[in-house]
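Peer 1: Sequence first, predicted model second:
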Number of protein chains: 2
Amino acid sequence: MSKDAQHIRQEFLEGLSRISRFWGFPKGVGAAFAVLYLSPEPLSLDEIVRQTGLTKGAISTNVRALARMGLVQRTSRLGDRKDYYEAETDFYRAIRSILAERQNTEFARSIETVRHTLDELKAGRGSMDESERKFLIARVQALQDFFDAIDSLSRAVTRLDRLGIVNVQKVLSVLK
Amino acid sequence: MSKDAQHIRQEFLEGLSRISRFWGFPKGVGAAFAVLYLSPEPLSLDEIVRQTGLTKGAISTNVRALARMGLVQRTSRLGDRKDYYEAETDFYRAIRSILAERQNTEFARSIETVRHTLDELKAGRGSMDESERKFLIARVQALQDFFDAIDSLSRAVTRLDRLGIVNVQKVLSVLK
DNA sequence: TACTTTGTTTAGTAATTACTAAACGTACAG
DNA sequence: CTGTACGTTTAGTAATTACTAAACAAAGTA
């Protein structure tokens, strides 16, 4: 590969690394994805190691995270013990997968703590005067409602495949 | 304030701290917001310091971040040199404000690097064979398109105030 | 069976991030 | 003009996170 073609790839890799960090992932995740995304065929772990300059351990972890999010797929070849990975190119599918992933982890549990506070308030625990309790319930309930809205929006998106992309664009055009 | 009422507040504060970290902010940001959100009237910086147990410096920084995102508003009282802060209770307004904030900072700049890669490829720099160049342009272009879509969705949301909340719910119901 | 080739896990380290404590700047009060 | 009551900034520190190097596990091959 020519030296400046290599340079362009390197730039792209750094760009995706920064974007990765912006979205709250380690930059190695972005780097690994960049390498896979610029390859026409699936790559082995060692090849990703070579192109990113990170170690096998780090790449193993990062690529597994990508796979869990649905941003890469793991494949294998007959008569070859290596695993191969290739980038998902349908980003809308990837987004649905990422949302589904987050749904079942921290986000749900975080929201749970708010619901718990609300339950305690409604159960009348915490001896406070009635007007204070009313106020607190109203506020925490409003936050809960907001989280529920986010949650159902997120669920809606994960079900978007039932609508065609055309309808999605129709919906978006309303917002223009 | 009764001991167990205090305990409920403390739980809520910890819950919001975790949520804050989940969304990529320091947990002190969540803690400060929790205190403000559970107060019926604006609070001074020192009062937030007292209720969170963090120091003035940290709270100063965290509250300023919240204000920049539109999650709290800074107010002041006549004949009182202190600044007071109160929580925004309209979360949809807050979301718009947060998106607008992010729009102008890292996100835009991150995307810029991808566009730059694409420009270089299209300009024909990087001596590589024609089929490889075609492939790379297609992939990077697809990513660029995706980012543009996110960008315009985000812009759409920041303009949502032109529609009533009723219409928003109508749109969402299509996705059910 | 022992040897190779692969991916994963772990213990330690480097880098980053968010905090504390204290100095500083500013503006009002006397 | 000086003192006081604030908010901000800064230098250093603690805590967290993502990495490396190396041990390990698994599974095929000789």
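Peer 2: Yes, it's here. Numbering: from 1, shown residues only, chains lettered A, B, ... in the order given.

Peer 1: from here on, contacts and neighbour counts on C-alpha atoms
Peer 2: Will do.

Peer 1: Show me where chain A has its strands.
Peer 2: A:43-44, A:72-76, A:83-87 (DSSP state E).

Peer 1: angle of the second one against strand A:83-87?
Peer 2: Compare the direction of strand A:72-76 with that of strand A:83-87 by axes from the mean of the first three to the mean of the last three CA atoms, to 10 degrees and you get 150 degrees.

Peer 1: Just want the most central residue of chain A.
Peer 2: In chain A, the residue lying closest to the centroid (CA atoms, centre = their mean) is A:Ile98, at 3.7 Å.

Peer 1: tally of neighbours for the residue nearest to that residue when sequence neighbours are not counted?
Peer 2: Ranked by CA to CA, 6 or more residues apart in numbering or on different chains and with sequence neighbours excluded, the top spatial neighbour of A:Ile98 is A:Met69, at 4.9 Å. Residues lying near A:Met69 (other CA atoms under 10 Å in any protein chain shown) number 19.

Peer 1: Same check on A:Lys122?
Peer 2: The burial count assigned to A:Lys122 is 14, neighbours taken as other CA under 10 Å.

Peer 1: Repeat that for the one 3 residues further on.
Peer 2: If you count neighbours by other CA under 10 Å, A:Arg125 ends up with 13.

Peer 1: Please apply the same query to A:Asp129.
Peer 2: By the criterion of other CA under 10 Å, A:Asp129 has 10 neighbours.

Peer 1: From A:Glu120, how far off is it?
Peer 2: Note on A:Asp129: its distance to A:Glu120, by CA to CA, to the nearest Å, is 15 Å.

Peer 1: coming back round to it: any idea which of the strands of chain A is most buried?
Peer 2: Stretch with highest mean neighbour count among these: strand A:83-87 (a mean of 21; mean count of other CA atoms under 10 Å in any protein chain shown).

Peer 1: Measure how far that one is from the centre of its chain, please.
Peer 2: Centroid displacement of strand A:83-87 relative to its chain, using CA atoms, centre = their mean, to the nearest Å, is 18 Å.

Peer 1: which residue of chain A sits farthest from its center?
Peer 2: Distance from the C-alpha centroid of chain A peaks at A:Asp129, with 43.4 Å (CA atoms, centre = their mean).

Peer 1: What pLDDT does the model give that residue?
Peer 2: Reading off the confidence values, A:Asp129 has pLDDT 91.

Peer 1: mind listing what A:Ile137 touches?
Peer 2: Applying CA atoms under 8 Å, 6 or more residues apart in numbering or on different chains to A:Ile137 gives the contacts A:Leu118, A:Leu121, A:Lys122.

Peer 1: now, among those, which is nearest to A:Arg155?
Peer 2: Using CA to CA, A:Leu118 is the member of the contacts of A:Ile137 that sits closest to A:Arg155, with 23.0 Å.

Peer 1: Nice, that's everything, thank you.
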